[in-house]
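*Asks:* Provided below for reference: sequence and predicted model.
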There are 2 protein chains.
Amino acid sequence: MLKATITVTLKPDVLDPQGKAIETTLHGLGFSEVGPVRQGKVIHMDLTETNTETARARLDEMCRRLLANTVIEDYAIILDSDAE
Amino acid sequence: MLKATITVTLKPDVLDPQGKAIETTLHGLGFSEVGPVRQGKVIHMDLTETNTETARARLDEMCRRLLANTVIEDYAIILDSDAE
């Protein structure tokens, strides 16, 4: 079994009002060390696939077809093999 | 400067309808190798803080005070020092 983590975030040039709201609120709470904040989504999934190359290709297809809007979003795939 | 990545996900015992919807849709698209899916949020931020221990403690406080609802959500903090 493989465990996959996918993160989907807005591309750097796309405005991120939710990230901006977090930044402003953190400043208001006294966390003045906080710089630019970007918010996105993270998706954890288990895969019955065991070949990491096949899994990566399939995850890439899932991202392009469903999980990310590649016009405005970037995605990253992290694969962990797991003996559980 | 430090770069921090925070992931906030629902605790394992909490129902995750959004994750379930992704799982069902992926199955419908033919990705039958997909097992349980959980969806959460990811927050990327830059910090002017340079001490990793201080930064980690501050990020932990940000999570508890604003970013996560610790009754139903778990959070994880990843710190990358970055020379940029």
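*Replies:* On my side now, so go ahead.
*Asks:* Kindly report the residues of chain A close to chain B.
*Replies:* For chain A, the contact set with chain B under CB under 8 Å from any CB of the partner chain comprises A:1, A:7, A:9, A:19, A:22-23, A:25-26, A:29, A:31, A:33-49, A:55, A:58, A:61-62, A:65-67. For glycine as for every other residue, the C-beta is placed from the backbone atoms N, C-alpha and C.
*Asks:* Any of those buried? List them.
*Replies:* Neighbour counting over those (16 or more other CB atoms under 10 Å in any protein chain shown) leaves A:7, A:9, A:19, A:22-23, A:25-26, A:31, A:33-34, A:37-47, A:49, A:55, A:58, A:62, A:67 as the buried ones.
*Asks:* So which of the residues of chain A next to chain B belong to helices?
*Replies:* In this view, the residues of chain A next to chain B that belong to helices under DSSP state H are A:19, A:22-23, A:25-26, A:55, A:58, A:61-62.
*Asks:* Same list, those, but as TSV with pLDDT please.
*Replies:* Listed next are these as TSV, based on pLDDT from 0 to 100:
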residue	pLDDT
A:19	97
A:22	98
A:23	97
A:25	98
A:26	98
A:55	96
A:58	97
A:61	97
A:62	97
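*Asks:* the bottom helix or strand of chain A by mean pLDDT?
*Replies:* None of the helices or strands of chain A scores lower by mean pLDDT, DSSP states H and E than strand A:73-81, at a mean of 92.
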